[in-house]
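Q: All I have is the shape, not the residue letters:
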């Protein structure tokens, strides 16, 4: 693959804000989300870079330490780069970082209609454990998916 995965750096802020606006065109505040994620999750915030441009990113976050439970709170890939392995590379990277930090359970949410993403998550051992209608707002239904890891 001709992209590199690395940890988020402050120099990525503006590009990721633009990236997030493109993924979430409704009224959202990507600057707040990106800035706070960079501060709160520096060890589990990754960007995929290709030819000097950011083509994707992922963010993992611990929500509970005992038992160790984490969420993948964002995984996005530019449309032109989808189905080329970038999302899979980001997914593996964020899972590895969360597991290294002690996660025994990783959760994420995905649109039930996003079959390519669901296929990717299922390929990597995630199973649907619930569905929430209007999870973010009306019309934004989500499946909650989970992957568990045996104790170390």
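A: Looks like it came in fine. All figures in this text were calculated on a predicted structure; none of them were measured in a lab. Numbering: from 1, shown residues only.
Q: residues touching residue 101, list them.
A: Residues touching residue 101, when contacts are defined by CB atoms under 8 Å, 6 or more residues apart in numbering, comprise 43, 44, 62, 68, 70. Placement of C-beta: from N, CA and C, glycine included.
Q: Next up, the contacts around the third one.
A: By CB under 8 Å, 6+ apart, residue 62 lies in contact with 68, 69, 70, 98, 101, 103.
Q: List the buried residues in the lengthiest strand in the chain.
A: Using DSSP state E, we find that the single longest strand of the chain is strand 53-65. Of the residues in strand 53-65, those buried by neighbour count under the rule 16 or more other CB atoms under 10 Å are 54, 55, 56, 57, 58, 59, 60, 61, 62.
Q: Tabulate those residues in a markdown table, adding columns for pLDDT.
A: Putting the buried residues of strand 53-65 into a markdown table (pLDDT from 0 to 100) gives the following:
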| residue | pLDDT |
| --- | --- |
| 54 | 93 |
| 55 | 93 |
| 56 | 94 |
| 57 | 94 |
| 58 | 96 |
| 59 | 95 |
| 60 | 95 |
| 61 | 93 |
| 62 | 91 |
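Q: of those, closest to residue 84?
A: When those are compared for distance to residue 84, the smallest value, 9.0 Å, is given by residue 55; criterion: CB to CB.
Q: How about that closest one: what's its closest non-neighbour residue?
A: Distance criterion CB to CB, 6 or more residues apart in numbering; nearest residue to residue 55, sequence neighbours excluded, is residue 81 at 4.3 Å.
Q: sorry, back to before: mind listing the strands the longest strand of the chain pairs with, and their directions?
A: The sheet places strand 53-65 alongside strand 45-50 (antiparallel), strand 68-77 (antiparallel), with pairing taken from DSSP bridges.
Q: Contacts for the longest one, please.
A: Around strand 68-77, the neighbours that count as contacts under CB under 8 Å, 6+ apart are 19-20, 23, 37, 44, 48, 55-63, 86-87, 90-91, 94-95, 98, 101-108, 117.
Q: cutoff 7 Å now
A: Strand 68-77 is contacted by residues 23, 55-63, 86-87, 90-91, 94, 98, 102-108 when judged by CB atoms under 7 Å, 6 or more residues apart in numbering.
Q: and what of the shortest one?
A: For strand 45-50, the surrounding residues in contact (CB under 7 Å, 6+ apart) are 2-8, 12, 37-38, 54-59, 81, 86, 89-90, 93-94.
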